[in-house]
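Enquirer: Dropping the sequence and predicted coords here.
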Amino acid sequence: MFVCICRAVTEDEVHEHCTAGARTVDAISDRCGAGEGCGTCLERLQQIVSERTSVTTAA
Ligand code: FES
């Protein structure tokens, strides 16, 4: 499923960037461009990053 329509970035791709070390929305944007268009996806990107960060810190 696409998270960012503007840059055709899927949710799986965002998770891959998180796994590779991206910990902020800016880091995701730098890696794949997600969030650099209309901005509609920024809230969802932040949600994914927050979920991944909380999983990482809880482990
Ligand atoms: S949907 Fe991501 S910037 Fe537009």
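Expert: On my side now, so go ahead. Numbering: from 1, shown residues only.
Enquirer: Touching, Ala22 and Ser29? I think so.
Expert: No - the pair Ala22 and Ser29 fails to qualify as a contact (C-beta atoms under 8 Å) at a distance of 9.1 Å. C-beta: built from backbone N, CA, C; applies to glycine.
Enquirer: Report the contact partners of Ala20.
Expert: Arg31 (C-beta atoms under 8 Å, 6 or more residues apart in numbering).
Enquirer: can you give me the mean pLDDT across the helix of greatest length in the chain?
Expert: Identified as the longest helix of the chain according to DSSP state H is helix 42-58. Taken as a whole, helix 42-58 has an average pLDDT of 85.
Enquirer: Quick one: list the elements packing against that helix.
Expert: strand 2-4, helix 11-19, helix 25-32 (3 or more C-beta pairs under 8 Å, 6 or more residues apart in numbering; DSSP states H and E).
Enquirer: and the angle for the second one with helix 42-58?
Expert: Meaning helix 11-19. 40 degrees (axes from the mean of the first three to the mean of the last three C-alpha atoms, to 10 degrees).
Enquirer: Helix 11-19 vs the ligand: in contact?
Expert: No - judged by C-beta under 6 Å from any ligand atom, helix 11-19 and the ligand are separated, with a smallest distance of 10.7 Å.
Enquirer: can you give me phi and psi for Arg7?
Expert: phi -110, psi 10 (degrees, to the nearest 10).
Enquirer: Skip the chain neighbours and tell me the closest residue to it.
Expert: Nearest residue to Arg7, sequence neighbours excluded (C-beta to C-beta, 6 or more residues apart in numbering): Gly33, at 4.1 Å.
Enquirer: contacting residues for that neighbour?
Expert: The neighbours of Gly33, taking C-beta under 8 Å, 6+ apart as the test, are 4, 7, 9.
Enquirer: Among these, which one is most surrounded by other residues?
Expert: Within the contacts of Gly33, most neighbours by other C-beta atoms under 10 Å means Cys4, with 26 neighbours.
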